[in-house]
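Visitor: Whatever this is, show me its structure:
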Amino acid sequence: MITFKKVELSDKQWIDPLLATADMPGGHQNFTNIFAWSEIYSYRLARVNNYLVVKGVLNNSPYYFYPAGTGDIKTVLEALQEDSVSCGHEFVLAGVSPEDIAVMNQVLPEHFEYKEMRDSFDYVYLLDKLVTLSGNKLHSKRNHINKFKKENQDWKFEQISLENLAECWEMNLHWCRANSDHVDEIANESCAVRRCFNNFTALGLEGGLIRLDGRVIAFTMGERLNSDTYIIHIEKALGEIEGSYQMINREFADLIQKNYPQLIYVNREEDMGFEGLRKAKLSYRPDRMEEKYLATYFEI
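Guide: Purely as a prediction, here's the structure:
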């Protein structure tokens, strides 16, 4: 049986190097997401050989993330299978990519069945497209931005710092009240968002905000995900102000490109099955979807 531990902020020191070496594209394979959502999904951690292993619980069913690291993956998968037997539950891997499936079929052929996790697919965009919004398909985004600038003279974009972080939290509370029709989801997300705010510097997060007439009307937070991708963890805007979402999206993309000219993509994470969020993310024409699957082990 594998000995798992509670997720702590200090774990970032040993997890980040493993994730950097693995260079995985999925947004769930990121320390901030693991830490922020650890209480909601009961995440626990272990290091098996040179791999990070995450175990969670959803709807009373335990599961594992696909291991992140380098070396002999077969022995790690076998260790997870043995752990599941010892704990008396199915061996289930979540967030498995098509590339992971190819590896699993090679090292443990005909031992897994796969189910698409569409609600967990990450939306991945070309960074340059988010900055320029070029092309007919993004014409409406440019229109929203132009209208915002025309109707709102006293606006400005600034980076999030410890000095303005509290203002962003107040705006987040306003956003939560305005979107209270999804009570359970809002409560879970607020828990994760609060952990990001409380540990903004320690997690290595970056962010930006839009002010209109002095008050914060939109903010966003993210960080570098891997060798070619930036990830957006949080993006909130006051929906009653037309163009606010388009403005924070574009202004922060511009900052990312200036700070990380070597990056190509932006991962804007999943839609969680919300129709409105899916429509909004698709409207920005993702370059690709980072597919994820649920893999369930069975004996031959």
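Visitor: contacts, neighbours, all on C-alpha from now
Guide: Will do.
Visitor: The stretch 1-150 of the chain: helices as residue ranges?
Guide: When assigned using DSSP state H, counting those that start in this stretch, the helices of the stretch 1-150 of the chain occupy the ranges 12-22, 31-36, 73-87, 98-107, 127-132, 139-151.
Visitor: scratch that, the stretch 151-300 of the chain is what I was asking about
Guide: Secondary structure of the stretch 151-300 of the chain (DSSP H, counting those that start in this stretch): helices at 165-178, 183-198, 244-259, 275-283.
Visitor: out of these, nearest to Leu212?
Guide: Of all the helices of the stretch 151-300 of the chain, the one in closest proximity to Leu212, counting by C-alpha to C-alpha, is helix 244-259 (9.6 Å).
Visitor: tell me the angle the closest one makes with helix 139-151.
Guide: Using axes from the mean of the first three to the mean of the last three C-alpha atoms, to 10 degrees, one finds that helix 244-259 and helix 139-151 are set 100 degrees apart in direction.
Visitor: Helix 244-259: how far from the chain's middle?
Guide: 17 Å (C-alpha atoms, centre = their mean, to the nearest Å).
Visitor: Using CSV, write out every CA atom in it.
Guide: Coordinates of the C-alpha atoms in helix 244-259 are reproduced here as CSV (Å, rounded to 0.1, in the frame of the first residue of the first chain):
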residue,chain,number,x,y,z
SER,A,244,-15.3,43.5,-19.5
TYR,A,245,-14.5,39.8,-20.1
GLN,A,246,-13.0,40.5,-23.6
MET,A,247,-10.9,43.3,-22.2
ILE,A,248,-9.3,41.4,-19.3
ASN,A,249,-8.7,38.4,-21.6
ARG,A,250,-6.9,40.4,-24.2
GLU,A,251,-5.0,42.7,-21.9
PHE,A,252,-3.6,39.9,-19.9
ALA,A,253,-2.8,37.9,-23.0
ASP,A,254,-0.8,40.9,-24.1
LEU,A,255,1.1,40.9,-20.8
ILE,A,256,1.8,37.2,-21.0
GLN,A,257,3.3,37.6,-24.5
LYS,A,258,5.5,40.5,-23.4
ASN,A,259,6.7,38.6,-20.3
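Visitor: Show me which parts of it are buried, residue by residue.
Guide: Burial within helix 244-259, assessed by neighbour count using 16 or more other C-alpha atoms under 10 Å, is assigned to 244-257.
Visitor: What helices and strands are in contact with that helix?
Guide: The contact analysis (3 or more C-alpha pairs under 8 Å, 6 or more residues apart in numbering; DSSP states H and E) places helix 244-259 against helix 127-132, helix 139-151, strand 206-212, strand 215-224, strand 229-237.
Visitor: All set, thanks.
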